[in-house]
Every structure is written in structure tokens, then in C-alpha cells.
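K.L.:
Next comes the sequence, and after it the predicted model I'd like to discuss.
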Amino acid sequence: MRIFPLGVWAVSTSGETTSFLVDAGSTRLMLDVGLNPGHSLATHAIPLTTVTHVFLSHSHSDHMQGFANLVFTRDAQQRQHGPAPRLNVIACSADLGRAQSLLEIFYPERKFDVDWTAVAPGSTIGLNDFEMTFFATEHTVPGLGAVLARNSSKLVVYTSDTAACDSVREAAEGAHLLVGECFGTRQDFGAVAERLKHMCAEDMAELAQSAGVLRVMPFHMHTPYTASDRRADLINAIAARFSGEILDPVPSRPIEVHSEGAGDD
Ligand SMILES: [Zn+2]
Ligand SMILES: [Zn+2]
């Protein structure tokens, strides 16, 4: 399994917002779609027509705004790349309704071949290459995080936007890779992160350490951390509290994830 960090920023002035591609062979799953998923994938020479599943964690624009454009562009790309498999969209039922509304707003004249899978905290769905289980986040709107597991081994846990809480800690328990929200350091963003229910670097690091996670990849970083020296400060704040490997998601490069242990890619 490979994971591509396509969008790792909290605000669009810094770069593409939250979006990851999980490439697991026959399953290509997007974890949130950011603002311009077609372009993000094009930078890796991956056509949208090869994406099989889309998970929408919650309805904020930095995670969901690109959805209608993804469906439209994926359809259009078939002329260039050949037929795409049916797209399966996974979210809580309220957010599926919002995604359907986005398609109706932008493309009232068209129908797209999309399957809609409603999930809730505790749901598990089987994809071809792994199982996906969902857990509740603690954010300003209802949201879901996801655990990707194979043979009961947790390969990737994606927190989405959330305060540190028991459901996230439990989900992260023993994960190979935690894709963990990281708004900034407590010194820079502690007050705003608390008010808007986000994790700071220290929160994410302490959660990962207590959950026995092997590797973390911070995302949802705020603007100051586009500068590499400030991002190094952020990573140092994680390293002071987390003893595993820390993956800098900038620049975007695919990360190999195996169940056997850390450092095997
Ligand atoms: Zn949010
Ligand atoms: Zn967000």
C-alpha cells in the first residue's frame, strides 16, 4: 500500500488543502478531496479515472470542496484514459446528502454513475485490498476518521480534523502509520486549535505515543509551516513527545506502508 500526501495545508493560501490518495492495487481511495483533486493527482501522473473510492470525513470546504469537480473531471477524463469503474463515495449519511447537493448545484443537467455508501462510527466496510473502519472525531461539526486494516493489522489511521479524544486514541492504537492532524505548535496556535477543535503538534505526538503508533505523518498544518525552518520546529515539537518515525509530508511523495513494521520501505 502506498499513500500520497496530495494536500496537507489547513488553508488554501498555503497550498492544496486536505487530501490523500491510498493506492492499494485494485483499490484507489481518496481520503478527502481538497480543492482541486484532479490537479493534485496529475502532478503524480495519476488520472482520476483510476480512483475507485472517495471518503469524505466532514463537510468543511478544505476537505470536500473539490468533490463535484472530481466527479465531473473523472467523467471527462474517460475520453483520454478510457472507461472508469463506478465511483464509490463513502461518508456519514448527512455528508453524502451534502455531496449529492454539490453535484446537483454544479451539474443539474447531468447524471453521474456514483454509488453512495453511508457509514457511521463503528461501521466496517470491506474494500478489495483492505478493510475500512470508521470512528467519531471531536470537531466543530460531526466527522469521521478512518482505520485501514489488512489481516487485523492497522496500516493507516486517518484522524481528519479533531481534538485529541478517546475515540481517536483508541482508533490509533497500534497503527503502523498515523496520518495525524497537526494545526501547529501549542505556542503558535494553542488557543485557536482548542476553540476550533483541532490537534496541535504536541497533542498529536502525545496521542501517537500513548497509542503505540510506529510512524506519524502530520497534516493540516497552518501557513507558517510552509517555511522549512518553521516546519522543522513543528517536527521537533512532535519528536520531543513521540519516539517513532516522523514523516515530513512536504514535498509530496508516495510513502510505502507495510504491516511488517517500521522502516521497511
Ligand atoms: Zn474541519
Ligand atoms: Zn480542515
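P.N.:
Done, it's in. Ligands and ions are numbered 1, 2, ... in the order given.
K.L.:
Write out the residues of this protein neighbouring ligand 1.
P.N.:
Within the chain, the positions near ligand 1 by C-beta under 5 Å from the ion are 60, 161. The way it works is simple: take the backbone N, C-alpha and C, and place the C-beta from them, glycine included.
K.L.:
in the chain, which spans are strands?
P.N.:
2-7, 19-23, 28-33, 53-55, 87-91, 114-118, 124-126, 131-136, 144-150, 153-158, 177-181, 215-219, 245-246, 255-256 (DSSP state E).
K.L.:
Name every strand pairing with the fifth one and say which way it goes.
P.N.:
To tie it back to what came earlier, the one meant is strand 87-91. Sheet pairing for strand 87-91, assigned by DSSP bridges, gives strand 53-55 (parallel), strand 114-118 (parallel).
K.L.:
about what we covered before: now the weakest link among the strands of the chain, please, by mean pLDDT.
P.N.:
For the strands of the chain, mean pLDDT drops lowest on strand 255-256, to a mean of 94.
K.L.:
looking just at contacts, which helices and strands does it meet?
P.N.:
strand 2-7 (3 or more C-beta pairs under 8 Å, 6 or more residues apart in numbering; DSSP states H and E).
K.L.:
The strand it packs on pairs with which strands, parallel or anti?
P.N.:
Assessed with DSSP bridges, strand 2-7 is paired to strand 19-23 (antiparallel), strand 255-256 (antiparallel).
K.L.:
Name the residues of it that come out as buried.
P.N.:
Within strand 2-7, the residues scored as buried using 16 or more other C-beta atoms under 10 Å are 3-7.
K.L.:
One more: stretch 225-238?
P.N.:
Buried-residue list, stretch 225-238, by 16+ other C-beta under 10 Å: 225, 230-231, 233-235, 237-238.
K.L.:
measure Tyr158 to ligand 2 for me?
P.N.:
Using C-beta to the ion, to the nearest Å, one obtains 12 Å as the distance from Tyr158 to ligand 2.
K.L.:
My guess is Ala10 contacts Thr226. True?
P.N.:
No - here Ala10 lies out of contact with Thr226, judged by C-beta atoms under 8 Å, at a distance of 10.8 Å.
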